[in-house]
Structures are given as C-alpha cells and as structure tokens.
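# Task: produce atomic coordinates for the following.
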Amino acid sequence: MNRQKVVGFTAGLLPVIVILVFVGMPLLFAILYSLGYGGGLNSSVSDIAQHQILVKHGLTVAPYAVLLHTKSFQRDLWTSIWVTVLTTILLLVLAWLIAIYLRFNKGRLAKIVSSLYIVPMFIPVVIASYALVEFWNDGGILQSILFHLGLGQISMPGFTNFGIVIGLLWTSLPFSVLLLGSGLYGVPDAYIEAARDIGASRFAIFRKVLLPMNKLPTMIVLTFTATGMMGSFTIPDIMGPSAPQMLGVAMTDYFQAFNEPQQSEVMAMLLFIGALLLSALYVFANLSENRKMGVQR
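Okay, the predicted model is just below:
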C-alpha cells in the first residue's frame, strides 16, 4: 500500500517538476530580467541586448519607468487597451444577440445562423486573417463590389486598428455564442413564461431573468476573450498597421528586430498584470455564483 502511494505520488510529481523546470524557471528569470537582473540564465541575453538597465545588487523598476515614459510604447499601450475594450464590448453585444435569437427561434433562418456563426472556429487564424485582409483591404473584394455599385471612394479598414477589431471579433464569436447559448438553454422556460405573464417586456426579461442567471458565462466570455485579445499576435500582425501596434506585435519587434529583450519582457509582464486583473473578475464572479448556489441549497 505504501509502495502504491509512493508510485502514485511520484507519477503526479513528475508533471509538476517538468512545469517548474521548463515553465516556472524561465518565467522567474524573465521577471528578474525585467527588474534589472542580468545574471544566471539571463547572462547570454544580457550580453548581446541593447538599451537595457542592469543592476549589480538588488532589483530595480527603472526598466518599467523608462518604457512607460516612451511615446511609442504609450501609443502601443493605448492601442492595445482601446482595441481590447471595444472588441470585447462588441463581442458581448453580438454574442448575446445571436444566443438569444437562437434560444427563442426554431425556424429555418435560425438553423442557418446556427450553422454559420460556428464556421470561424474551424478556420485557422492565419488563413482567416489573410482572407479578411483580402476582403476588407483597399482594392479588395468588398471595395470592388462597392466600386461597381458606384461607391468605390469609401475607405476600407484593411491594415488599420479597426481591421484588427473586425478580425478579433470574427474569430472570437463562436466560442462566445456557444458559451452564452449553453447558459441560456439552462434557463427554464417556466421562468420566462412567468415573467411574460406579469407583463414584463423583452428587455425586462433579459435584465431580470436571463442576465442574472448567466452572469458567470458572461464573465467567462469577458475575461477569457479580453485576455486573449490583449496579447494577441497573429491577427494584429497581419491585419494591423505598422504603427501604432498592439503589444503582442510590439514585444515581438522589440525582441527580434530591435534587439531589446528587456523592453519586451517588461511588456510581457505588463500584459501578465492585466491578465491577472481580468482573472480576478472571473474569480470574483465564480465565488459569487458558488455563494449564491450555496444559499439556494
């Protein structure tokens, strides 16, 4: 029996060791490098890096201060923030509308919509990005159609930050609708009929019945998609402008093109802090939901 426990403990410990060695240690040294430590595993990078701030003893937040006062980084940071916020808001609105429509409609059009919205889930992001660029770009498919309709002077969002919003919105929609839809199908019809019987409007049913009972799925969509969008690379790199850039693209350029890995690590840490703040919203919503379920029981 003791031998079985030892074998089981060892088998469970091996993945933890692998994660600590190949993920935990590089992450720790990346954090230390962003705080001015250039020794240990950081020595090879710090020997060839440019414009870095290193200290012989202790740690320093000077790399963060310098980068935060850099005008180009401020533009990239602001771009990442407003693109993430705008896309997340649009995604929640659109996903809720589609999920509600599919929940309360069973006709042929609803079947077509239920088949179409899930298509982006099965298309690789790289292919989807190039396809969207070809469609939205100046001289692309949409502008060609508008030109034949006499509207060829309309500017297209290809290679703009609004193009990034379109790309992120399109690729993130299936997951969001699936999650919200599963939550809506869990709402008993009796609750909805009871609200209708007392004269509640559609918006009142949404605000008083559907939204409170789907708070956790909504928070999951918000936190998961916002976290992914904030540090996304493929769509902003292919569909976005050369400047200003989202941080996922900017940190890659700093690391590879500019040979400034410390600045890239600082950006990664700032994104990590943002992801932690978003995850705190999810944890709070999850605890609130568990507390509510405990009271109901």
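# export the helix-or-strand element of the chain with minimal mean pLDDT as CSV, just CAs?
Least confident element among the helices and strands of the chain, by mean pLDDT, DSSP states H and E: helix 2-19 (a mean of 77). Only the C-alpha atoms of helix 2-19 are listed here, as CSV (Å, rounded to 0.1, in the frame of the first residue of the first chain):
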residue,chain,number,x,y,z
ASN,A,2,2.8,2.4,0.9
ARG,A,3,4.5,1.5,-2.3
GLN,A,4,1.4,2.3,-4.3
LYS,A,5,1.2,5.7,-2.6
VAL,A,6,4.9,6.4,-3.4
VAL,A,7,4.3,5.4,-7.1
GLY,A,8,1.2,7.5,-7.3
PHE,A,9,2.9,10.5,-5.7
THR,A,10,5.9,10.2,-8.0
ALA,A,11,3.7,9.9,-11.1
GLY,A,12,1.8,13.0,-10.0
LEU,A,13,5.0,14.9,-9.1
LEU,A,14,6.7,14.4,-12.5
PRO,A,15,4.4,16.8,-14.4
VAL,A,16,4.8,19.4,-11.7
ILE,A,17,8.6,19.1,-11.9
VAL,A,18,8.5,19.5,-15.7
ILE,A,19,6.3,22.6,-15.4
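# Quick one: distance of that helix to the chain centre.
Per CA atoms, centre = their mean, to the nearest Å, the displacement of helix 2-19 from the mean C-alpha position of its chain is 34 Å.
# List the contacts of the next helix or strand after it.
Downstream of helix 2-19, the next assigned helix or strand under DSSP states H and E is helix 25-34. By CB atoms under 8 Å, 6 or more residues apart in numbering, the residues outside helix 25-34 that reach it are 37, 40-42, 45-46, 59, 63-64, 261-262, 265-266, 268-269. C-beta coordinates here come from the backbone N, C-alpha and C atoms, glycine included.
# 10 Å - rerun?
The contact list for helix 25-34 (CB atoms under 10 Å, 6 or more residues apart in numbering) reads 19-20, 37-43, 45-46, 49, 52-54, 59-61, 63-64, 67, 261-270, 272.
# and what of stretch 73-82?
For stretch 73-82, contacts defined as CB under 10 Å, 6+ apart pick out 66-68, 70, 161, 164-165, 229-232, 236, 240-241, 243-251, 253-254, 263, 266-267, 270-271, 274.
# Count the residues that sit near Lys208.
A total of 14 residues lie near Lys208 under the criterion other CB atoms under 10 Å.
# hmm, which of the contacts of stretch 73-82 are the buried ones?
67, 161, 164-165, 229-232, 236, 240, 244-251, 253-254, 263, 266-267, 270-271, 274 (16 or more other CB atoms under 10 Å).
# Which ones among those residues map onto strands?
Among the buried ones among the contacts of stretch 73-82, DSSP state E puts none in strands.
# still on that earlier bit, how about the least confident helix or strand of the chain, which residues are buried there?
By 16+ other CB under 10 Å, helix 2-19 has no buried positions at all.
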